[in-house]
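Trainee: sequence plus the predicted model coming up.
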Amino acid sequence: MKVSIVRGGGLPGIVTRTELDADRLPPDAARTLEELAAAAGPLDEPAQTASQASLPDELQYEITLEDDHGRRTAQFGDTTIPQPVRALVEWADARPERTMEIVPQAGSSSTV
Amino acid sequence: MTTRSSHGHPQCDCFCFIAPPDLLARLAKEGTPEQRDAALQTIASSASIRARRAIISELLQSADTRAAAFAFIGVPAQAQRAVYDVKHGGQADLPGQKVRGEGDGPTGEAGADEAYDGAGTTYGFYEQVFSRNSIDGAGMDIVSSVHFGVGYDNAFWNGSQMVYGDGSGHIFALGHLTKSIDVIGHELTHGVTQFTAGLTYHKQSGALNEHFSDVFGSLIKQKSLAQTADQADWLIGEGTLVPALGQALRSMKAPGTAFSGDRQPAHMNDYRDLPDNNLPGNDNGGVHINSGIPNHAFYLAATAIGGNAWEKAGHIWYTTLTEKLDSTAEFTTAAEATVEVAGEAYTQAEQDAVRSAWQQVGVL
């Protein structure tokens, strides 16, 4: 199982991608990741439509879960992200095995 | 409606209020003239500011109660600050546990005390410089929550309050989001914009929304440091990022130079027309990116006019935001409005400086 979290739209205008691969985790942590992913559910998006503007400086999240059953992805804001999804994000952030990189803004030719 | 205490203490000559607030409110609305006067006097002498405001709010909603009737009561005009600790919770947990109210002494916890002080500095700036009474112009309470999320690299305005994370130490330095008065002023100004122009948070109107928050955040910092336009560094969030990333979040003087990866344009030729969808990388159509263009115009105008930037340039921009723009305003509309306001409020010199600034960034 692999979880990918892209965040942007916040105060600094910085875009980051955080990834965590269960293959890199010790067995008990890998199980926790599966439980958190299951609790996050099918990643149903809230009723907010794509055209609804977010609140000022709130982070926007794109979360992707990939496993043997397939790939599911959804977008949330700080004010709409369900608590189980936030819990998954915060757990993944805290794992030393996770990678985090700053994503150059679209169209930028520079590397960071 | 007051009576001497009769709680078994004949020596006690304290006045105790035995009439419950809702009875007082009813008498103030529906009683005889004598009852109304007595109820209003009692409300006036209530020790609880919150009770006063609550009762008066209810009375003012009554169609036949005139606000002038309460003029003598002197409900304090100054907004009340409140700081909450949301204890690493999320939106559903806001505001959290109250840790400091207006007039309370320091908690000793840096984030809460910095949020409290920063809210006060921002309130004081708007009141002294623009005669604006709080975020909504009507003495609205100023609420801040600290310790949002876990390692949360951000701060935001959620429509009714400010929310601050602690930072992760990978993007924001730990605890630094509340140390930066321009960050606090930036967030509070989103509230001011919400109650005035209401600039929708996407594309150019969103970039203007971001721009006004940077402008007034910067002016609050400049006034707190007593810096003229020439002396200011024109950086937003200086020192909040981890040093490896860079010096600041944004530069109004030199957009695109604040931190490693900063791609803010300084001219319309470099406007980034990102799609407005909910993908994080598109930043609602680039609201934090394209704000560099109007930011640079303000810097140019303020330095050309000279002196303290919050005086003439600040007033021009404040009048524009609060009186001239609507929610869909784009860069050209805002630019034309500032030129018009400059001409109405000041002389040809100021108007020329403002127009030239927008021309230099390619908007006019």
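Mentor: Everything's here; your move. Numbering: from 1, shown residues only, chains lettered A, B, ... in the order given.

Trainee: so what's residue A:12 closest to, chain neighbours aside?
Mentor: Closest residue in space to residue A:12, ignoring its immediate chain neighbours: residue B:249 at 4.6 Å, by Cβ to Cβ, 6 or more residues apart in numbering or on different chains. For the C-beta atoms, the positions are set from N, CA and C on the backbone; glycine is no exception.

Trainee: would you list the strands that the strand ranked longest in chain B pairs with, along with their directions?
Mentor: Ranked by number of residues, the top strand in chain B under DSSP state E is strand B:142-148. According to DSSP bridges, strand B:142-148 forms sheet pairs with strand B:81-85 (parallel), strand B:162-165 (parallel).

Trainee: got a list of contacts for the last one?
Mentor: Okay, so that is strand B:162-165. A:78, B:86, B:94, B:111, B:115, B:119, B:142-149, B:151-157, B:172, B:177-178, B:184, B:187-188, B:191 (Cβ atoms under 8 Å, 6 or more residues apart in numbering or on different chains).

Trainee: following the least confident helix or strand in chain A by mean pLDDT, which helix or strand comes up?
Mentor: Sorting the helices and strands of chain A by mean pLDDT, DSSP states H and E puts strand A:70-77 at the bottom, at a mean of 92. Using DSSP states H and E, the helix or strand that follows strand A:70-77 in sequence is helix A:83-94.

Trainee: specify the local secondary structure of the closest residue to residue B:235 other than its chain neighbours.
Mentor: Nearest residue to residue B:235, sequence neighbours excluded (Cβ to Cβ, 6+ apart): residue B:248, at 3.8 Å. Here residue B:248 is recorded as coil under DSSP: H, G, I helix; E, B strand; the rest coil.

Trainee: look up phi and psi at residue B:88.
Mentor: phi 70, psi 10 (degrees, to the nearest 10).

Trainee: so it touches residue B:151, yeah?
Mentor: No. Contact status for residue B:88 versus residue B:151: not in contact, 9.1 Å apart, counting by Cβ atoms under 8 Å.

Trainee: thinking residue A:29 is in contact with residue A:96, fair?
Mentor: No. Counting by Cβ under 8 Å, residue A:29 sits too far from residue A:96 to count as a contact (10.1 Å).

Trainee: next, name the residue at the spatial heart of chain B.
Mentor: residue B:188 (2.3 Å; Cα atoms, centre = their mean).

Trainee: tell me the pLDDT at that residue?
Mentor: What the model reports for residue B:188 is a pLDDT of 98.

Trainee: what sits against it?
Mentor: Residue B:188 touches B:119, B:122-123, B:135, B:142, B:157, B:162, counting by Cβ under 8 Å, 6+ apart.

Trainee: from the residues you listed, which ones fall inside strands?
Mentor: Short answer: the contacts of residue B:188 in strands (DSSP E) are B:142, B:157, B:162.

Trainee: the strands in the stretch 101-250 of chain B, which residues?
Mentor: Under the criterion DSSP state E, counting those that start in this stretch, the stretch 101-250 of chain B contains strands at B:142-148, B:155-157, B:162-165, B:235-236, B:250-251.

Trainee: got any ranges where the chain has weak pLDDT?
Mentor: Unless you meant another one, I'm taking chain A. A:44-53, A:106-112 (pLDDT under 70).

Trainee: please refer instead to chain B.
Mentor: For chain B (pLDDT under 70), the answer is B:1-31, B:36-77.

Trainee: now do 80
Mentor: For chain B, applying pLDDT under 80 flags the ranges B:1-78.

Trainee: dihedrals phi and psi, residue A:61?
Mentor: phi -120, psi 140.

Trainee: can you report how many residues neighbour it?
Mentor: Residue A:61: 23 surrounding residues under other Cβ atoms under 10 Å in any protein chain shown.

Trainee: okay, now the closest residue to it other than its chain neighbours: neighbour count?
Mentor: Closest residue to residue A:61 apart from its sequence neighbours, by Cβ to Cβ, 6+ apart: residue A:76 at 4.8 Å. Residues contacting residue A:76 under the criterion other Cβ under 10 Å number 24.

Trainee: and for the one 5 residues further on?
Mentor: Using other Cβ under 10 Å as the criterion, residue A:81 is surrounded by 26 other residues.

Trainee: how close does it sit to residue B:160?
Mentor: 18 Å (Cβ to Cβ, to the nearest Å).

Trainee: residues contacting residue A:18?
Mentor: Applying Cβ under 8 Å, 6+ apart, the residues contacting residue A:18 are A:4-7, A:89, A:92-93, A:98-100.

Trainee: and it, what element?
Mentor: Assigned by DSSP H and E, residue A:18 falls in strand A:16-21.

Trainee: next SSE after that strand?
Mentor: Where DSSP H and E defines the elements, the next helix or strand beyond strand A:16-21 is helix A:27-40.

Trainee: can you give the contact residues for that next one?
Mentor: Residues contacting helix A:27-40 (Cβ under 8 Å, 6+ apart): A:1, A:3, A:20, A:22-23, A:25, A:63, A:65, A:67, A:82, A:84-85, A:87-88, A:91-92, A:95, A:97.

Trainee: kindly write the PyMOL command that selects the buried subset of those residues.
Mentor: The following PyMOL line selects those of the contacts of helix A:27-40 that are buried, judged by 16 or more other Cβ atoms under 10 Å in any protein chain shown:
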select buried, chain A and resi 1+3+20+22+25+63+65+82+85+87+88+91+92
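
Trainee: what residue spans form the domains of chain B?
Mentor: Domain assignment for chain B by automatic domain parsing gives B:3-73, B:81-179, B:203-360.

Trainee: so which of the ones you listed comes closest to residue A:15?
Mentor: Checking the domains of chain B against residue A:15 by Cβ to Cβ gives domain B:203-360 as the closest, at 4.8 Å.

Trainee: I would like the residues contacting the longest strand of chain B, please.
Mentor: With contact meaning Cβ under 8 Å, 6+ apart, strand B:142-148 is reached by B:79-90, B:94-96, B:111-112, B:115-116, B:119, B:122-123, B:134-135, B:160-166, B:178, B:188.

Trainee: all helices of chain B, in order?
Mentor: Secondary structure of chain B (DSSP state H): helices at B:21-30, B:33-44, B:49-60, B:110-130, B:181-195, B:203-224, B:283-290, B:292-305, B:312-319, B:331-345, B:348-360.

Trainee: could you identify the most distant pair in the contacts of residue B:188?
Mentor: Using Cβ to Cβ, the contacts of residue B:188 span at most 14.9 Å, a distance reached by B:123 and B:157.

Trainee: ok so, going back, between the contacts of residue B:188, which is nearest chain A?
Mentor: Closest approach to chain A among those (Cβ to the nearest Cβ): residue B:157, at 4.7 Å.

Trainee: now the closest one. Nearest residue, chain neighbours left out?
Mentor: Closest residue in space to residue B:157, ignoring its immediate chain neighbours: residue B:190 at 3.8 Å, by Cβ to Cβ, 6+ apart.

Trainee: any chance of the domains of chain B in a markdown table, with distance to residue A:71 and mean neighbour count too?
Mentor: Compiled in a markdown table, the domains of chain B are given as follows (distance: least, Cβ to Cβ, whole Å; neighbours: other Cβ atoms under 10 Å in any protein chain shown):
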| stretch | distance to residue A:71 | mean neighbour count |
| --- | --- | --- |
| domain B:3-73 | 52 | 14 |
| domain B:81-179 | 25 | 20 |
| domain B:203-360 | 16 | 21 |
